[in-house]
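Peer 1: Here is a sequence with its predicted model. Questions after.
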Amino acid sequence: MEHPHQPDPQPPSPPGGPGSIIPARDIGADQAGQERRLVDHLTAEKITAVRHAFYTAAAKAIFALQNGQRLSSEQLFVTVHAQAARAWWDRVDEEITGKRLTCDHALRRMRSWARHYLTGEPPAARPGTLFDHALAHAARIAARDFLTDSGHLLTQHLINQAATTTPATAAPVDHDHPGLVTPAPPASTVAGP
């Protein structure tokens, strides 16, 4: 017979629950997975934002044309810039979904292409009109903006990677004297397992 004031026995906690022990390699893999998902999420958000910016700019230009209004140079620039920016980010999306690359790899690959586009393109064989130069200028600005935005995403990726990994060669800290750092022993004197 059970005593009425005795607590109920606790059921065993599920694997991965509050009372379980997770091996260190699983924690590292989980943190790496979280930081990878963060970069995936930020990249997907950027792709969506660029597509919406293009849809908005194109809709405004079409609305103006359908109502018999003249397109201003600003409207045209915004639309061409949005179209060129979307082209860069759509290529990132193609690399991720079509070739099954990770987001950071796809971003690095497209950044290489954007740098080549900005620096390695040969000059035009014949002179263009002012309109041609304006369109090319908008495309170059879109490539520079792509480099800037993708650079921020890759920087965030590296910051997250650095936060989830701790270097094995870090010097131990003396907790009795927090300002004093004890030098790491030479590799030859460390006992192996």
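Peer 2: Thanks, I have the structure now.
Peer 1: Could you check which helix or strand contains residue 156?
Peer 2: Using DSSP states H and E, residue 156 sits within helix 130-164.
Peer 1: Compute the number of surrounding residues for residue 74.
Peer 2: Using other CB atoms under 10 Å, the number of residues around residue 74 comes to 8. For every residue, glycine as well, the C-beta is placed using N, CA and C.
Peer 1: Which pLDDT value does the model give it?
Peer 2: If you check residue 74, the pLDDT there is 92.
Peer 1: is it true that it lies in a strand?
Peer 2: No. According to DSSP: H, G, I helix; E, B strand; the rest coil, residue 74 belongs to no strand; its state is helix.
Peer 1: Which helix or strand lies directly C-terminal to the helix or strand containing residue 94?
Peer 2: Element membership for residue 94 (DSSP H and E) is helix 73-98. Next along the chain after helix 73-98, taking DSSP H and E as the criterion, comes helix 103-119.
Peer 1: List the contacts of that following helix.
Peer 2: Applying CB atoms under 8 Å, 6 or more residues apart in numbering, the external contacts of helix 103-119 come out as 36, 39-40, 43, 88, 91-92, 95-96, 99, 101, 140, 143-144, 146-147, 150-151, 153-154, 157.
Peer 1: Only the buried residues of that helix, if you could.
Peer 2: 103, 104, 106, 107, 110, 111, 114, 117 (16 or more other CB atoms under 10 Å).
Peer 1: Okay, angle between the helix holding residue 94 and helix 130-164 too, please.
Peer 2: Interaxial angle, helix 73-98 versus helix 130-164 (axes from the mean of the first three to the mean of the last three CA atoms, to 10 degrees): 50 degrees.
Peer 1: got the angle for helix 73-98 vs helix 103-119?
Peer 2: Using the same axes, to 10 degrees: helix 73-98 against helix 103-119 is 140 degrees.
Peer 1: low-confidence ranges in this structure?
Peer 2: 1-35, 166-193 (pLDDT under 70).
Peer 1: helix, strand or coil for residue 124?
Peer 2: With three-state DSSP as the basis, residue 124 sits in coil.
Peer 1: so how many other residues sit close to it?
Peer 2: By other CB under 10 Å, 10 other residues sit near residue 124.
Peer 1: Kindly report the same for the one 10 residues further on.
Peer 2: One way to gauge burial is a neighbour count; for residue 134, by other CB under 10 Å, it gives 15.
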